[in-house]
Every structure is written in C-alpha cells, then in structure tokens.
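Chemist: Attaching a predicted model along with its sequence, questions to come.
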Amino acid sequence: MVKRDWRNILVAKNAGTRIASRTAGELDRQIGARVRERRLEVGLSQTQLAEALGITFQQIQKYEKGVNRVAAVTLYQISRVLNTPLMSLIPRSGTAAPSQNSSDDPANSEILVLSARLNPEGRAVLMDVARALARQQSLLKKR
C-alpha cells in the first residue's frame, strides 16, 4: 500500500501530477516582501503587527521572508491592520517581484495611504479622476 503524504502536496485525480505545494515558494516571498514594505511604511514593528493579529513576531518574520505561506484570512487581516487594500499585497503577476513593478514608486504608496483615509464617496471621485487622467494620457500617446 502506498502511503500518500497529503501535507506536502495535493495530487490531481486524473493527471496524477502535482498541482499545488504546501511549502512556500517565490510568490510567498513576494507577498512577504510586500507585507514587510507596507509594515515599514506605516511604522509598525513585527511585534506590533503580530500582537494586532494575535500571533508571534516570529510568525511575521517567517511570512515576510517567505518561509511560511500566509493563509488568505491572515493576509486579509494583515491588510486591515496595515490599512491597505488586500490586492496591494499580492503581485499582479506570479513572476514579477515587487521591485520590478510600479509599487516602488513613492507616489503610488502615497496614493494608497491617502485613498485609505477617504470615505467611499471620496474614493469613487478619486477613481473617476484617475480613470480620466489615464484615458487622456492614453489618447496623447496614440498621437
């Protein structure tokens, strides 16, 4: 009888191939780097973030280094404590590291911080303005 270790991999029933790993990988490192970057932006220590989440600072270290995977619920809670949109902690592409995209632009971080302070109506206005500017720039590039 073959013993399957379901804690390490999930096996696709039909293909018999590995479809997901329970061990941390590159995407986990990228998410961890974004968590660390945002935590530092808001001025929290690992201990302070850990206390707000009810976990140890060592666990935060593991998340930030990409040693441990962050559960979806935990990532959501982290985004709430760091006052940032959940999606800002997840890379747009599974291959792009945070340093390779526009998240390094300080203006983008400032926009996120400021938009988080707005009420829903204010955010809607901000989105309308941003979309209008993006359309205008897109039209100018085509000329």
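Modeler: Alright, I've got the coordinates.
Chemist: I would like the residues contacting stretch 118-137, please.
Modeler: Here stretch 118-137 makes contact (C-beta atoms under 8 Å, 6 or more residues apart in numbering) with residue 115. (Glycine included, C-beta is placed from N, CA and C.)
Chemist: Quick check: mean pLDDT of that stretch?
Modeler: Throughout stretch 118-137, pLDDT has a mean value of 85.
Chemist: next one: stretch 50-61
Modeler: What stretch 50-61 shows for mean pLDDT is 96.
Chemist: Identify each buried residue in it, please.
Modeler: Buried residues in stretch 50-61, counted by 16 or more other C-beta atoms under 10 Å: 50, 53, 59, 60.
Chemist: Present these as JSON lines; the columns should include distance to residue 72.
Modeler: Output for these, formatted as JSON lines (distance: C-beta to C-beta, whole Å):
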{"residue": "50", "distance to residue 72": "18"}
{"residue": "53", "distance to residue 72": "14"}
{"residue": "59", "distance to residue 72": "16"}
{"residue": "60", "distance to residue 72": "17"}
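Chemist: could you dump these to a markdown table with secondary structure?
Modeler: Putting the buried residues of stretch 50-61 into a markdown table (DSSP: H, G, I helix; E, B strand; the rest coil) gives the following:
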| residue | secondary structure |
| --- | --- |
| 50 | helix |
| 53 | helix |
| 59 | helix |
| 60 | helix |
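Chemist: chain center to the lengthiest helix in the chain, what's the gap?
Modeler: In the chain, taking DSSP state H as the definition, the longest helix is helix 120-142. The chain centroid and the centroid of helix 120-142 are separated by 24 Å under C-alpha atoms, centre = their mean, to the nearest Å.
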